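In: Provided below are the primary sequence and the corresponding predicted coordinates.
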Amino acid sequence: MIEPARSGPGKVLAILGVLLQAGYFIALSVSGKITGEDHGVNQTAQQVMALRDRAAPVFWWGMLTALVGVTLIYIALREYQYRRRLLFWFLIVYSFLLIVAVPIGTLCGAYFIYFCLRYRREFFASRPHA
């Protein structure tokens, strides 16, 4: 069994990756504007199209930052063997949210659930205090 890292680059990458996941929620919040789910009844078609044009770049930037964040979390887990209880629970909850984002989110969510369950003992291993 590989000894999990206590800190260092893995910790930094994991924290940065988790923070970048805010992009996913920003993208979800503007997706209603793109699909037209939250338009007022008094808006014209031209106003709706202008709203979609303004919301689309925010959506894609949000998805891009979330993808970069997922990549950083992956690197922290695989390359630096960073394992912490809080990261375990974040990944479990976040993975279930990702699963509905077909196709990339489904793959990432399923992989993180598998990874967390496969290495759960390392996430919950007691660590000596430094």
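Out: In hand now; what should we look at? Numbering: from 1, shown residues only.
In: Find the residue at the geometric middle of the chain.
Out: Central residue of the chain (Cα atoms, centre = their mean): residue 21, 4.0 Å from the mean position.
In: Was I right to think that one contacts residue 71?
Out: No - Residue 21 is not in contact with residue 71 according to Cβ atoms under 8 Å; the separation is 11.4 Å. Where C-beta positions appear, they are placed from N, C-alpha and C, glycine not excepted.
In: which other helices and strands contact the worst-scoring helix or strand of the chain on mean pLDDT?
Out: In the chain, no helix or strand scores lower on mean pLDDT, DSSP states H and E than helix 22-35, which sits at a mean of 74. Applying 3 or more Cβ pairs under 8 Å, 6 or more residues apart in numbering; DSSP states H and E, we find helix 22-35 packed against helix 45-78.
In: about what we covered before: for the residue nearest to the centre of the chain, what are phi and psi?
Out: phi -70, psi -10 (degrees, to the nearest 10).
In: Could you report the distance from the closest residue in space to it that isn't next to it in sequence to residue 63?
Out: Nearest non-adjacent residue to residue 21, counting by Cβ to Cβ, 6 or more residues apart in numbering: residue 69, 4.9 Å away. Distance, residue 69 to residue 63, using Cβ to Cβ, to the nearest Å: 11 Å.
In: Same drill for these two, tell me which one is more crowded.
Out: Each of residue 69 and residue 63 has its neighbours counted (other Cβ atoms under 10 Å); residue 69 has more, 22 against 19.
In: can I assume that one is in contact with residue 15?
Out: No - using Cβ under 8 Å, residue 69 is not in contact with residue 15; the gap is 10.3 Å.
In: Where does pLDDT dip in this structure?
Out: Within the chain, the segments meeting pLDDT under 70 span 1-7, 32-43, 127-130.
In: Stretch 70-88: which residues count as buried?
Out: Using 16 or more other Cβ atoms under 10 Å as the test for burial, stretch 70-88 gives 70, 72-77, 80, 82-84, 87-88.
In: swap that for stretch 115-130, sorry
Out: For stretch 115-130, burial by neighbour count (16+ other Cβ under 10 Å) applies to 115, 116, 119, 122, 123.
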